[in-house]
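Asker: fold the stuff below for me.
(one chain, ligands or ions: 1)
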Amino acid sequence: MHALSAHLKSKKGNFSLDIEVDFIKGITGIFGPSGAGKTTLLHLLVGLERPDEGFVEIDEARMVDTSKKIWEPARNRKIGYVFQEGRLFPHMTVRKNLLFATPYVLKGKQVIEFEELVGLLELNDLLDKRPKQLSGGEKQRVAIGRALLSSPKLLLMDEPFSSLDVKLRRQIIPYLIKINQKFKIPMLVVSHDLPDLLSLTRELFLLKNGRVVGHGNYLDLVEEESMLDVMRGAGLMNVIPFKVESHDQKNGITILSNKDAHKEIRVERELITDCCLVGDEMNVSLRPKDIALTLEEIPNISIRNQLPGTIIKVIQKENRNYCLVDVGFKLLVSITHASQMKMNLTEGKKVWCLFKSMALQINI
Ligand SMILES: Nc1ncnc2c1ncn2[C@@H]1O[C@H](COP(=O)(O)OP(=O)(O)OP(=O)(O)O)[C@@H](O)[C@H]1O
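Answerer: Reported below is the predicted structural model:
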């Protein structure tokens, strides 16, 4: 069963949108440069704009079909929508804002408990305040809570993290992942910040000029030169799932392991006992420019991580080249054109990827 299936066409001035989206479950990211049509797409799905042509189907039910003159208003679509700027009711307290959508939920059908949600989003101390007394980040947390309390079949979020500081992102991102896994609410998240989006999901739709130019797993998409171009300005990043294997207090390091890879891989990170226990799973970011390539392993060097791999793709850009290296999972490495020429880095070549333990950033 498809959570969402839609094909929409819309024209606004010089801008035309013609987009097909289809997904079943999990979290899907929508990434694209400013003006690509991300917000317009969400508006069309949720019912804030009418398409010139097309359909929207949620859990196999047609919400919009221009050929059959079907048009369900937003309130019937069972879509939770978190606006870019939150958009709370200014005259209501946080509690009333949160509870606003719940009367629509049939008794006994509500899947998300108010108390549990308030606790997880840290809204307890805010319940009696009004939106104007809240910071941007607090408003956003309330907006996310309100959307979830309507027990939607689908949750759409437009730049949900833009006003949150790093600490709150770290709290909310794992919560959204948990919500998605626990309540099976599929989510469509729009962002122009790639590292943020990749902390949530690697399943992406890439939008440009009102069209879908790519759809699939981030690491497969970066292999396509045209898609790499769409993503390049937005902070290309490796986001790798790891598990805390052990903490070595004596040497001040934490060992992380990745068992999703086609071979077991261990890396070292500076000790991270403050946030993570043995067994915890997390996404770890590693910037392509923080990885060096060598043609052999280097003993007696302070760089703690050296992973052998094979170059599967070389992408040449003006003054910066990219190598996609299979080390068990795919790593995107950025190198200068001069290094590529000097080391004769070509597809199929065996290399070692070197990165300092400090280059591994714990996202969540
Ligand atoms: N009412 C309108 N009339 C004419 N053009 C419009 C109108 N609203 C939006 N547009 C144009 O539609 C295009 C898509 O806008 P949209 O807000 O969907 O993009 P976006 O990808 O969400 O961008 P951003 O990341 O900057 O929010 C833009 O070129 C915008 O100028």
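Asker: secondary structure element for residue 180?
Answerer: Taking DSSP states H and E as the criterion, residue 180 maps to helix 166-183.
Asker: please give me every residue in contact with whichever residue of the stretch 51-200 of the chain sits closest to the ligand.
Answerer: Closest to the ligand within the stretch 51-200 of the chain is residue 192: 5.0 Å, counting by CB to the nearest ligand atom. C-beta coordinates here come from the backbone N, C-alpha and C atoms, glycine included. Taking CB atoms under 8 Å, 6 or more residues apart in numbering as the criterion, residue 192 is in contact with 31, 32, 33, 34, 38, 159, 234.
Asker: what do you get if the cut-off is 10 Å, keeping everything else the same?
Answerer: 30, 31, 32, 33, 34, 36, 38, 159, 162, 233, 234, 235 (CB atoms under 10 Å, 6 or more residues apart in numbering).
Asker: do residue 66 as well
Answerer: 8, 9, 50, 51, 52, 53, 54, 55.
Asker: and the gap between the closest residue to residue 264 other than its chain neighbours and residue 250?
Answerer: Spatial nearest neighbour of residue 264, chain neighbours left out: residue 257 (6.5 Å); criterion: CB to CB, 6 or more residues apart in numbering. To residue 250, residue 257 is 19 Å away according to CB to CB, to the nearest Å.
Asker: and what of residue 39?
Answerer: In terms of CB to CB, residue 39 sits 52 Å off from residue 250.
Asker: cool, residue 14 as well?
Answerer: In terms of CB to CB, residue 14 sits 64 Å off from residue 250.
Asker: on that earlier part again, output the contacting helices and strands for the helix or strand where the residue nearest to residue 264 lies.
Answerer: According to DSSP H and E, residue 257 maps onto strand 253-258. Applying 3 or more CB pairs under 10 Å, 6 or more residues apart in numbering; DSSP states H and E, one finds that strand 253-258 makes contact with strand 238-248, strand 265-270, strand 281-286.
Asker: tell me which of those strands lies nearest to the ligand.
Answerer: Closest of the helices and strands packed on strand 253-258 to the ligand is strand 238-248, at 21.0 Å (criterion: CB to the nearest ligand atom).
Asker: name the residues of the closest one that are buried.
Answerer: Residues of strand 238-248 classed as buried by neighbour count (16 or more other CB atoms under 10 Å): 238, 239, 240, 242, 243, 244, 245, 247.
Asker: so which elements touch the lowest-mean-pLDDT helix or strand in the chain?
Answerer: Within the chain, no helix or strand scores below helix 166-183, which has a mean of 72 by mean pLDDT, DSSP states H and E. Applying 3+ CB pairs under 10 Å, 6+ apart, we find helix 166-183 packed against strand 27-31, helix 114-120, helix 136-149, strand 154-158, strand 187-191, helix 194-200, strand 281-286.
Asker: okay if I get the ones you listed as TSV plus mean pLDDT?
Answerer: Converted to TSV, these look like this (pLDDT from 0 to 100):
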stretch	mean pLDDT
strand 27-31	93
helix 114-120	84
helix 136-149	85
strand 154-158	91
strand 187-191	91
helix 194-200	83
strand 281-286	85
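Asker: take those and write them to a markdown table, including distance to residue 70 and mean neighbour count.
Answerer: Below are the helices and strands packed on helix 166-183 laid out as a markdown table (distance: least, CB to CB, whole Å; neighbours: other CB atoms under 10 Å):
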| stretch | distance to residue 70 | mean neighbour count |
| --- | --- | --- |
| strand 27-31 | 24 | 24 |
| helix 114-120 | 33 | 15 |
| helix 136-149 | 24 | 23 |
| strand 154-158 | 17 | 23 |
| strand 187-191 | 21 | 24 |
| helix 194-200 | 32 | 23 |
| strand 281-286 | 40 | 18 |
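Asker: of all these, which one comes closest to residue 353?
Answerer: Closest approach to residue 353 among these is made by strand 281-286 (9.4 Å; CB to CB).
Asker: ok and that closest one relative to strand 238-248, angle-wise?
Answerer: 120 degrees (axes from the mean of the first three to the mean of the last three CA atoms, to 10 degrees).
Asker: give the buried residues for the next helix or strand after strand 281-286.
Answerer: Downstream of strand 281-286, the first helix or strand assigned by DSSP H and E is strand 292-294. Neighbour counts over strand 292-294 (16+ other CB under 10 Å) mark 292, 293 as buried.
Asker: quick one, which of residue 39 and residue 250 is more surrounded?
Answerer: Taking other CB atoms under 10 Å, residue 39 and residue 250 do not tie; residue 39 has more neighbours (17 against 6).
Asker: residue 28 contacts residue 187, correct?
Answerer: Yes: Residue 28 lies in contact with residue 187 (CB atoms under 10 Å); the separation is 7.1 Å.
Asker: common neighbours of these two, please.
Answerer: With CB under 10 Å, 6+ apart, residue 28 and residue 187 have common neighbours 3, 200, 201.
Asker: quick check: bridge partners of the closest residue to the second one other than its chain neighbours?
Answerer: Counting by CB to CB, 6+ apart, the nearest residue to residue 200 once its immediate chain neighbours are dropped is residue 27, at 5.3 Å. In this structure, residue 27 bridges to residue 187 when assessed by DSSP bridges.
Asker: list the residues that contact the residue nearest the centre of the chain.
Answerer: The centroid of the chain falls nearest to residue 197 when counting by CA atoms, centre = their mean (2.5 Å). Residue 197 is in contact with 27-31, 159, 161, 189-191, 204, 218, 234-235, 237, 239, counting by CB under 10 Å, 6+ apart.
Asker: could you give the number of residues near the nearest residue to residue 131 once chain neighbours are set aside?
Answerer: Closest residue in space to residue 131, ignoring its immediate chain neighbours: residue 88 at 4.2 Å, by CB to CB, 6+ apart. By the measure other CB under 10 Å, the count of residues near residue 88 is 24.
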